[in-house]
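Visitor: Quick one: sequence and predicted model below, then my questions.
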Amino acid sequence: MKNSTMQNNLGELQTFSIASDDAKAKKRIDVGYYQPFFEHIVKKVAGSKFELQKLEDITLLISNGRTPSKDMYDEDNDQDGSVPIIKAGTASGRFVNLEKLEYAKADFSSGKKAQKSDIFILSAAHQASYVGKNVSILEVEPKQDTYFVGELICVRANPEKVLPEYLFGFLSSEVGYFLLNREKRGQTSHIYPEDIKSILLPVPSLKDQKNIVSILMNAYGQKRKKETEILKILSSIDDFVLGELGIDMPRGGAERVFQIWSDEIEGRIDALFYKPYLRSLLEQIKNKKHFALGQAIADMSGGATPKVTGDYYSDEGGVPFLRVQNITEMGIKLDDVKFIKPEIHETMLKRSQLKKDDLVFTITGRIGSVAVVPDNFEGNINQHSVRFHLQNEVDKTKVLPEFVASFFNTKIGRELSFRSTTGGTRPALDYKALKNLIVPLPSVAKQEKIIAGVNTIYEKARRLRQEAESIVAGAEKQIEQMIMA
């Protein structure tokens, strides 16, 4: 018998005993596995009116994929001669997004091909709490041989015993997450295929499964409609901002064929720099009161990324270390954020510490996304972003950071940012080009009106997103009650 004291999933201290016979039978000696919280979940599942079956008994495959070495990845993400692969980012939502495939120049003949209705579980992540939480399903058959990598576990249902959508629904539920979460091992918090094979779960009749799947998929259908509405709302920002600035957005398709006279060349010979509609927009901005971004920058520094192999990072509880995906038009997003240790934040990365009202500007990857640092936020950035603080005013006009962010986060603002990039296959916006970006400078009252209008649109989008999540959460709760009753 062993007594243990640790925090449960609610962060509360708890003391419990583990019988040596239990440890031997389950072949686990890690204390967390025997938390009373997990035991409660297991008993809850066992109380279902439906037959319990091991996951391995109702599946055809439970396996990690093969992960290519870094030098095998195609830096250009070029499809020609490369193999499409499903990584964590491809399977980060509830449904695998085949438009976000990456490509590797590697021999995957010994790897596992993805199939329609495969379920993917994130088995390793930078942040331990995401392990087991991201569960997704591949709704369609890939158009070509597509493989999944080692950070994912593929679970392939045996359709004669269980509907893939039912299995997906259960594993992606709160109960499913805790059952998966219990199986994590070691300080790196990995989930291994062999461990999840013995998970017991309720398996209703195929008829009952169909009823459950119908409820779940109907909820996801409603969520998608809401998401379509969200996209329409967000797309209205461009017309609103440009309309308030008195800038006419060219209508119709962008010209694919155009000519540039030699005396119009501005030190660049790449054709995309001279897109007529971008030049037209830039000319409209320059015909109004405006400023070069460098005129308004009082303080500026780039980020840096410490080596993964060093003792720089913290699983949780450190200082948020923002990557490109954390910088969005709706502000700083802390989903899937990495953490650095406070001492690294205060020493090695001191110059890139974020301060209130700093603008964080992405300069590689998704170039031109800008977020304003809120009050009481402590954070840092990697090398794919820069932070800068604005002077109070330019040409006797106050410059509000939220207005600058609102302008650059429009489609036009991002395209004007991207227009100034260099680097060919790995475009980047260097500091000189960033400082030369032109920004309209309306009155403070107009800036405030634009900020308020953009915030109203974002708030509508957030509300719809909450409604969408609520629909799915309600369906999942209904299904859980049906299964666990």
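Guide: Looks like it came in fine.
Visitor: What segments of the stretch 351-485 of the chain are helices?
Guide: Shown for the stretch 351-485 of the chain, the helices assigned by DSSP state H, counting those that start in this stretch span residues 401-408, 411-419, 431-435, 444-484.
Visitor: I should have written the stretch 51-200 of the chain there, sorry.
Guide: With DSSP H, counting those that start in this stretch as the criterion, the stretch 51-200 of the chain has helices spanning 164-171, 174-182, 193-196.
Visitor: And the second one, what does it pack against?
Guide: Helices and strands in packing contact with helix 174-182 are listed as helix 36-46, strand 135-137, helix 444-484; criterion 3 or more CB pairs under 8 Å, 6 or more residues apart in numbering; DSSP states H and E. No exception for glycine: its C-beta is placed from N, CA and C like everyone else's.
Visitor: For the last one, enumerate the helices and strands it packs against.
Guide: Packed against helix 444-484 by the contact rule (3+ CB pairs under 8 Å, 6+ apart) you find helix 164-171, helix 174-182, helix 206-245, strand 397-398, helix 401-408.
Visitor: rerun at 10 Å
Guide: Helices and strands touching helix 444-484, by 3 or more CB pairs under 10 Å, 6 or more residues apart in numbering; DSSP states H and E, are helix 36-46, helix 164-171, helix 174-182, strand 200-203, helix 206-245, strand 397-398, helix 401-408, strand 438-440.
Visitor: Rounded mean pLDDT for that helix, please.
Guide: Averaging pLDDT along helix 444-484 gives 94.
Visitor: Report the angle between it and helix 174-182.
Guide: Angle of helix 444-484 versus helix 174-182, following axes from the mean of the first three to the mean of the last three CA atoms, to 10 degrees, is 90 degrees.
Visitor: List the contacts of Arg152.
Guide: I think there's a mix-up here, since residue 152 is Leu and not Arg. Residues in contact with Leu152 (CB atoms under 10 Å, 6 or more residues apart in numbering) are 63-65, 67, 85-88, 90-91, 96, 112, 114, 118-124, 134, 136.
Visitor: What degree of burial does Phe46 show, as a neighbour count?
Guide: One thing to correct before we go on: residue 46 is Ala, not Phe. Counted with other CB atoms under 10 Å, residues neighbouring Ala46 total 11.
Visitor: What degree of burial does the residue lying closest to it once chain neighbours are set aside show, as a neighbour count?
Guide: Computed as CB to CB, 6 or more residues apart in numbering, the closest residue to Ala46 that is not its neighbour in sequence is Leu52, at 6.6 Å. Leu52 has 12 neighbours, counted by other CB under 10 Å.
Visitor: Contact partners for Leu52?
Guide: By CB under 10 Å, 6+ apart, the contact list for Leu52 reads 45-46, 199-203.
Visitor: Next: Ser172.
Guide: Taking CB under 10 Å, 6+ apart as the criterion, Ser172 is in contact with 94, 119, 121, 133-137, 180, 216, 472, 476.
Visitor: Dump those residues into TSV; add distance to Leu282 and neighbour count as well.
Guide: Formatted as TSV, those follow (distance: CB to CB, whole Å; neighbours: other CB atoms under 10 Å):
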residue	distance to Leu282	neighbour count
Arg94	41	17
Ile119	48	27
Ile121	48	26
Lys133	44	17
Asn134	41	20
Val135	46	23
Ser136	41	24
Ile137	45	22
Leu180	52	24
Leu216	49	23
Val472	43	17
Glu476	49	20
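Visitor: before we move on, back to that, just put the helices of the stretch 351-485 of the chain in a markdown table and tack on distance to Arg351.
Guide: As requested, those are exported to a markdown table (distance: least, CB to CB, whole Å):
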| stretch | distance to Arg351 |
| --- | --- |
| helix 401-408 | 19 |
| helix 411-419 | 23 |
| helix 431-435 | 14 |
| helix 444-484 | 29 |
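Visitor: can you count the residues close to Asn181?
Guide: 20.
Visitor: That one reaches Gly32, doesn't it?
Guide: Yes: using CB atoms under 10 Å, Asn181 is in contact with Gly32, at 9.5 Å.
Visitor: just to revisit the earlier point, quick one: which of the helices of the stretch 351-485 of the chain is nearest Tyr166?
Guide: helix 444-484 (9.1 Å; CB to CB).
Visitor: angle of the closest one against helix 206-245?
Guide: Orientation of helix 444-484 against helix 206-245 (the same axes, to 10 degrees) gives an angle of 180 degrees.
Visitor: now helix 444-484, how far from the chain's geometric center?
Guide: Offset of helix 444-484 from its chain centre (CA atoms, centre = their mean, to the nearest Å): 17 Å.
Visitor: Over to stretch 236-246?
Guide: For stretch 236-246, the distance to the chain centre is 28 Å (CA atoms, centre = their mean).
Visitor: got the end-to-end distance for stretch 196-212?
Guide: 23 Å (CA to CA, to the nearest Å).
Visitor: just stretch 365-372 next, same as before
Guide: End residues of stretch 365-372 are separated by 19 Å (CA to CA).
Visitor: which parts of that stretch are buried?
Guide: Under the neighbour-count criterion of 16 or more other CB atoms under 10 Å, stretch 365-372 has 367-372 buried.
Visitor: Kindly report the same for stretch 35-46.
Guide: Across stretch 35-46, burial judged by 16+ other CB under 10 Å covers 35, 37-38, 41, 45.
Visitor: could you dump that stretch to PDB, C-alpha only?
Guide: Output of stretch 35-46 as PDB, limited to C-alpha atoms (Å, rounded to 0.1, in the frame of the first residue of the first chain):
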ATOM      1  CA  GLN A  35      -6.000   9.700  -9.000                       C
ATOM      2  CA  PRO A  36      -9.500   9.400  -7.400                       C
ATOM      3  CA  PHE A  37     -10.700  11.700 -10.200                       C
ATOM      4  CA  PHE A  38      -9.800   9.200 -12.900                       C
ATOM      5  CA  GLU A  39     -11.200   6.400 -10.800                       C
ATOM      6  CA  HIS A  40     -14.500   8.300 -10.700                       C
ATOM      7  CA  ILE A  41     -14.500   8.600 -14.500                       C
ATOM      8  CA  VAL A  42     -13.800   4.900 -15.000                       C
ATOM      9  CA  LYS A  43     -16.700   4.000 -12.600                       C
ATOM     10  CA  LYS A  44     -18.900   6.500 -14.400                       C
ATOM     11  CA  VAL A  45     -18.200   4.700 -17.700                       C
ATOM     12  CA  ALA A  46     -18.700   1.300 -16.100                       C
END
